[in-house]
Structure formats: C-alpha cells, structure tokens
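>>> just coords:
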Ligand SMILES: O=C(C[C@@H]1CCCCN1)Cn1cnc2cc(Cl)c(F)cc2c1=O
Ligand SMILES: [Mg+2]
Ligand SMILES: [Mg+2]
C-alpha cells in the first residue's frame, strides 16, 4: 500500500468529544469515524486490525471444535416471547416492524436464534457435543453510548454456543473455551485476567469475564497476590469483620438527633463509631419493597442484593416510598418496628451489639439496638461492596484492586434456553433429554479499542505486531531524491515478496510529518531511507516499542525484519 493512495485521514488536533485515549487516538489516527452516537465506520486501517483479531479468534474457535455460521441479525419476536425475554429488555432492544406490521428485533445476542436452529436439527446424542459460532454485528441501544468503540450501539461480537449431553460435558466445553480465550487474548498481546463474574439476568450459574487491565476500564476487579482468586467486585466475596471485644446488651433508648441525618453526622453527634451504626436502605424489587441493613461505614452491593432477592427490576426506593413505609425521611429510618417489609442484613450486622439506627421518626434515632431483642431479619448474606485492604476470601492474603475492560465473557447456561424452546435429543436408550448449553462472547470491536487503551504513548498507538494494520512502514525522507526513492521502492518490493505487510510513505510531505504519522498510526517497524542510505548504505531502523532507532545495513533489513516479526 502507498500512503499517497491510502485513506488514512490523520488529524493534527485531538477531537474534544473523545474522553479516553483509545477513542482519541482511533479518531486522530484515522481508524474510525462516527456515523451517529455509538455507531462507527471502521476505516481501512481499523478494518485490517479487525480482520487480524478475528483471524486469531477463528483459529482458536476452530481449534476448539467450533463450526462458524452466520445467523440472522433481524430476529422474530416470537422466539423472544417463547423464551420469555421479549418483555425483559426494555429500551435497550432495537425493535422493528416489517411491512406486515410483524415485530422483530435487531439481535443484541443470539441464544434464542441458535437454540431454535439446533432444536430443528439435533435429535440424537450422536450429534453432541456441537459448537456453533459467528462473528457478527450486535445491536444494543445503550442509554449512554460513549468511549468510541468501547460502548457502542452497534458492535462486533464473536458468540459461540455449545450444546452438550449433560452438565458434566458442559463443564468440559466451558473449560475448553476458557483456555481458548486465554490463548486469544495472549496472542492479541493483551494484559488480561479472567475473573469470576455475575451471570446477570440471563441466569445460569458459572460465568467468567475476561478483563483487559486499564485505568479507564468501567469494571472494577480484585485479584489475589498469591492465589488464583480473581473476581469482578460485583460478586467478590467479603469476609465479615467481627468486633474485637464483646459488651453487655443495654436497654434500647430513643434519643433526639435534630437534623443529624448522615452516618457521619450521627456518629459525631452521638460519639459512636460508624461501624456500630446500622444503615437501612430501601429497594423496590419489581412491585415489592425490601429493606437492606449494612454496617454504617460500608457500601451496598446491588448485584448481591439481586442474588438474594431475584427480580426483574431492582432499584433504590424513592424518598416518597420511604416516607410512606416509615413515616420518616431517609436519614431517620431503621429496622425497629418495620411492618410487612422483608429485611435482609449484611453478615456484619449480626455482630453489631448496642447499635444505632434511625427511629423511623424525623429528628430521632435509637441507641443500644440489638438483633432479635429489638428487630428481626429475613436472613443474613454478604451484601456489601468489597473494599481496598480486605483479604482474599480464598487464602486470606492481600487483594489487588484494578480497573478492567470486559472484552469477553463465558457462561454456563445449563437448560435455561433449551428448556424454554424444547431443544432435546434422544439418548442411547431412546429417552428424551434436554440439551445443556453454554455461551461464549468476545467483543471484537471492543478488543480493538482495549488494545489501544493498553498500548499507547505520547506519540500515538503502539500496535502489538500480531494485530497491527501493517507490519512495516518505509519512509523516504525526500521523494525528490531519486536515489532515496529507488532504494525505498526496492526495499518495498523485497519485503512484499517475503509476504511482509508494508506501507510506503511516498507522499510529497516533510519528513517530520511522515514520522509523526507513522508513530501515530502505530506501525511496529519504521524504516527510514535518507541521505545516509544513499551515501553509506545505512538505514534508520526503529521499533515502535523502542525509544531510539538503530542503524542497519540496507542489505540486512529484510532478514532483520523477518526475524523480528516471526519471533
Ligand atoms: O448477551 C448476553 C449473554 C451472552 C454474552 C456472550 C454471547 C452470548 N450472550 C447477556 N445480554 C446482555 N445484554 C443484552 C441486551 C439486550 Cl437488549 C438483550 F435483549 C439481551 C441481552 C443479553 O442477553
Ligand atoms: Mg458482566
Ligand atoms: Mg458481560
């Protein structure tokens, strides 16, 4: 490819709307252009990177026994009604009607479609296990699309679905895909971690997310410094802290606490540690209201609340709802005297002796509050968000906290969809059995962006050589110097003959502009042909990962390049 023909519209300035470095650099280096909010064009360089990432993914999926298909993007509502999910997803689902006014959606995922396909084609145990996958656009009408390709409304996903005889074989498939994912993200040159994750609305049990470590990541993860424990903080298990010394139970008392609303105000006013305060939070779970108690100095974890009280829509109750239940405002609420409200308490609340909580009366709190004597709870569970400094729930060593970009997720679905859509097989005794499923997603376009998040410097992108859009860029310093042009063209030809993906910057531009562009678009090897080449056969050989160039003899360049690219 010659730069003079290439559509690589690099920008001098950084677009203001881009907040994170990958969004800024992908725009500035001419890799993507915005079509609408969360909708992008992949320009030629980005498309080449996508094809490489997809190539690595296909290699591992095929090696794992996957068969590639291409499923419909337009999905009939009937299947989502049959699976019970048509109503579950609200505005996030792009819905369309055809000319006969029939309902469809643009595929946000493909469990229904693939299960419908398999129920029609699989009838015997001999046909299992079966792994089908696709690499295709997905559509999710994100409320706040942002960060460029990181959170788009149209994005590329690889989704594989596994079909097995039983749970035991599903477990094997899960492990095969888990290993394949480790290979994929390693080959892409990413620093990543698989973490235990929340299976969310789709149910099922075990799931792991593959997180690319980056400070701009939306997810927060913990990983142990000494064992293999790693988890999304949404589900990271917390070890309850027990009070050091025990104390005599005292009689409950109502005390006046005018305008003392927050835990810290109460703690200061009553001279009582926040860890002895009982924080009461009210949630609406579908039509019901529930109360959650946690220690005053802790943070609620709504994903864990969802786990002990499964529902479709969980959210903090409004002030009006709190008022109607407790006759008081949020700063003065507590569990004592609560009527027909299910109360769940975090594990640490069980150890609060002579605690403090709101009196369910504005301007008053209760002190010396004790479990079972003054209030009862439905059950105790781990309901809080893990905090820095806490210990590994598996080995009690210290935990590291990091932010991550979720680039993949693997799920054990079990029979969640095969039951709903009646996807069965006849076993070796002719008995009808339900197929056991798993699903395995990779955000392909998100992986491209995450790679840039992790691989950049003040000059631009630093593509790992396995997925770079081109492997080598040749820059003749002056296209007016015939000898430099001849040497550049000759090297360009030699490298191409060896199968190297090389771009020649033949533009009639100042050398400085060419160097800046080469660094910005992040090509791994930069070869500069200048006066020194014409005079004493030396070229400047610079790796994008190295701060300085080295001088290499013109004749050695091809071998040196091949050695670098193949190592
Ligand atoms: O997609 C998954 C699970 C796995 C992920 C890997 C590949 C196969 N699916 C979960 N999920 C996420 N957002 C969604 C958004 C909408 Cl609007 C929807 F209708 C459905 C879903 C939905 O089911
Ligand atoms: Mg998740
Ligand atoms: Mg996910």
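Structure received. The model shown is predicted, which means the values in this text are computed figures rather than measured ones. Ligands and ions are numbered 1, 2, ... in the order given.

>>> ok, residue 103 - contacts?
76-77, 95-97 (C-beta atoms under 8 Å, 6 or more residues apart in numbering). The C-beta positions use only the backbone N, C-alpha and C, and glycine is treated the same way.

>>> let's see 7 Å
Contact analysis of residue 103 by C-beta atoms under 7 Å, 6 or more residues apart in numbering lists 77, 95, 97.

>>> how about the nearest residue to the first one, chain neighbours excluded?
Distance criterion C-beta to C-beta, 6 or more residues apart in numbering; nearest residue to residue 77, sequence neighbours excluded, is residue 103 at 3.7 Å.

>>> What's opposite the one you found in the beta bridge?
Beta-bridge pairing of residue 103 under DSSP bridges involves residue 97.

>>> Could you check how far it is from residue 549?
Distance, residue 103 to residue 549, by C-beta to C-beta, to the nearest Å: 60 Å.

>>> same thing with residue 8?
From residue 8 over to residue 549 (counting by C-beta to C-beta), the distance is 22 Å.

>>> ditto for residue 234
In terms of C-beta to C-beta, residue 234 sits 46 Å off from residue 549.

>>> These two - which one has more neighbours?
residue 234 (22 against 14; other C-beta atoms under 10 Å).

>>> was I right about residue 336 contacting residue 375?
Yes: at 4.8 Å, residue 336 and residue 375 qualify as touching, with contact defined as C-beta atoms under 7 Å.

>>> For these two, list the residues in contact with both.
residue 369.

>>> Show me which of those two is the more surrounded one.
residue 375 (24 against 20).

>>> would you turn the contacts of residue 103 into TSV with distance to ligand 1?
Listed next are the contacts of residue 103 as TSV, based on distance: C-beta to the nearest ligand atom, whole Å:
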residue	distance to ligand 1
77	11
95	10
97	17
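
>>> Of those residues, which is the most crowded?
Scoring the contacts of residue 103 on neighbours with other C-beta under 10 Å, the highest-scoring entry is residue 77 at 17 neighbours.

>>> just checking, that residue touches residue 85?
No: the criterion here is C-beta under 7 Å, and residue 77 misses it with residue 85 at 10.2 Å.

>>> The closest residue to residue 273 other than its chain neighbours sits in which helix or strand?
Ranked by C-beta to C-beta, 6+ apart and with sequence neighbours excluded, the top spatial neighbour of residue 273 is residue 267, at 6.4 Å. If you go by DSSP states H and E, residue 267 is part of helix 263-270.

>>> Can you name the residues of the stretch 101-250 of the chain sitting close to ligand 1?
Counting by C-beta under 6 Å from any ligand atom, the stretch 101-250 of the chain comes close to ligand 1 at 108-109, 140, 159, 202.

>>> now the residues you listed: which count as buried?
108-109, 140, 159 (16 or more other C-beta atoms under 10 Å).

>>> Check the protein for the residue nearest ligand 1 and tell me.
residue 441 (2.4 Å; C-beta to the nearest ligand atom).

>>> how many other residues sit next to residue 295?
Neighbours of residue 295 under the rule other C-beta under 10 Å: 25.

>>> Please report phi then psi for it.
Dihedral angles of residue 295 (phi, psi; degrees, to the nearest 10) stand at phi -60, psi 150.

>>> Could you pull out the strands in the stretch 251-400 of the chain for me?
253-256, 278-285, 288-295, 314-316, 342-346, 355-358, 364-369, 379-381, 399-414 (DSSP state E, counting those that start in this stretch).

>>> okay, those strands, which one's buried deepest?
Comparing these by mean neighbour count (mean count of other C-beta atoms under 10 Å), strand 355-358 ranks first with a mean of 26.

>>> Report the mean confidence score over that strand.
Per-residue pLDDT over strand 355-358 has a mean of 96.

>>> centre of the chain versus that strand, how much separation?
How far strand 355-358 lies from its chain's middle: 39 Å, per C-alpha atoms, centre = their mean, to the nearest Å.

>>> Name the nearest residue to residue 171, ignoring sequence neighbours.
Closest residue to residue 171 apart from its sequence neighbours, by C-beta to C-beta, 6+ apart: residue 412 at 7.5 Å.

>>> by contact count, what packs against the host helix or strand of residue 81?
Assigned by DSSP H and E, residue 81 belongs to helix 77-82. Applying 3 or more C-beta pairs under 7 Å, 6 or more residues apart in numbering; DSSP states H and E, we find helix 77-82 packed against strand 103-106, helix 111-121.

>>> could you redo these as CSV and give each row mean pLDDT?
Below are those laid out as CSV (pLDDT from 0 to 100):
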stretch, mean pLDDT
strand 103-106, 98
helix 111-121, 98
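
>>> For residue 431, find the nearest of those.
Across these, residue 431 has its closest neighbour in helix 111-121 (17.1 Å, C-beta to C-beta).

>>> I'd like to check the angle between the closest one and strand 399-414, please.
Counting by axes from the mean of the first three to the mean of the last three C-alpha atoms, to 10 degrees, helix 111-121 lies at 40 degrees to strand 399-414.

>>> Could you tell me the end-to-end distance of stretch 268-276?
End-to-end distance for stretch 268-276: 12 Å, by C-alpha to C-alpha, to the nearest Å.

>>> Go through it and flag the buried ones.
269-270, 272, 274-276.

>>> about what we covered before: the strands of the stretch 251-400 of the chain: which one's closest to residue 154?
strand 399-414 (17.3 Å).

>>> For that closest one, the averaged confidence score.
Averaged across strand 399-414, pLDDT comes to 96.

>>> so who does residue 229 touch?
223, 392-394.

>>> at 6 Å what do you get?
By C-beta atoms under 6 Å, 6 or more residues apart in numbering, the contact set of residue 229 is 392, 394.

>>> Could you report the distance from it to residue 398?
11 Å.

>>> how about the helices in the protein?
21-28, 44-63, 77-82, 111-121, 167-187, 263-270, 302-308, 319-326, 416-420, 444-454, 482-497, 511-521, 531-536, 557-566 (DSSP state H).

>>> if you look at the shortest one, does any of it touch ligand 1?
No: with C-beta under 6 Å from any ligand atom as the measure, helix 416-420 is seen stopping short of ligand 1, the closest distance being 10.2 Å.

>>> Buried residues of that helix, list them for me.
Within helix 416-420, judged by 16+ other C-beta under 10 Å, the buried ones are 416-418, 420.

>>> Give me the buried stretch members for stretch 518-534, please.
Quick answer for stretch 518-534 (16+ other C-beta under 10 Å): 518-530, 533-534.
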